[in-house]
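Asks: Next one to model:
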Amino acid sequence: MYRLPAYTIHYPLTNKSLNVSFVANAVLEGACERVIVGDLYCDILLGLYVIRGENVVLIGELDLEKEELPSHMTRVSEAEIKRAQKVEREASELKGTMHKRMDFLDMD
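Replies: Numbering: from 1, shown residues only. Purely as a prediction, here's the structure:
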């Protein structure tokens, strides 16, 4: 059985590496998920992440000189962002419930 070679690309500035095979499978080391709620954000560490080739649309370069987020964004802990997500979800559910209750009114 012939095995396709994989390439490893090292990014010395970020100390991260990306392995890519010919079928566009990607293995991300030190991957994180950025959760944004309003003006708050948190990067949740996922660790080693494998992305199957059929799910890859684009892999690009980051401009490390450019600012990542607007200056009004505030970094918070994982626990704080989870609380903010819960509050936002509850507010959204309440709003949906209120819309359903007022459905009998014709607002058009």
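Asks: Give me the three-state assignment for residue 92.
Replies: Recorded secondary structure, residue 92: helix (DSSP: H, G, I helix; E, B strand; the rest coil).
Asks: All the helices of the chain, in order from the start?
Replies: 78-101 (DSSP state H).
Asks: Sketch out the low-pLDDT regions of it for me.
Replies: 1-24, 55-59, 104-108 (pLDDT under 70).
Asks: from memory residue 69 sits against residue 41, does it?
Replies: Yes. Residue 69 is within contact range of residue 41, at 6.7 Å (criterion: Cβ atoms under 8 Å). To be clear about C-beta, it is placed using only N, CA and C from the backbone, and glycine gets the same treatment.
Asks: Neighbour count: those two, which is higher?
Replies: residue 41 (17 against 12; other Cβ atoms under 10 Å).
Asks: Beta-bridge partners for the more buried one, please?
Replies: Assessed by DSSP bridges, residue 41 has beta-bridge partners residue 36, residue 75.
Asks: Please report how far it lies from residue 35.
Replies: 7 Å (Cβ to Cβ, to the nearest Å).
Asks: so what sits against both of these two?
Replies: residue 81 (Cβ atoms under 8 Å, 6 or more residues apart in numbering).
Asks: quick revisit: name the residues contacting each of residue 69 and residue 41.
Replies: What both residue 69 and residue 41 touch, as defined by Cβ under 8 Å, 6+ apart, is an empty set.
Asks: List the contacts of residue 69.
Replies: Contacts for residue 69 (Cβ under 8 Å, 6+ apart) come out as residue 41.
Asks: 6 Å instead, please
Replies: Counting by Cβ atoms under 6 Å, 6 or more residues apart in numbering, residue 69 touches no other residue.
Asks: How about residue 54?
Replies: Here residue 54 is in contact with no residue (Cβ under 6 Å, 6+ apart).
Asks: Against residue 46, how distant is it?
Replies: 20 Å.
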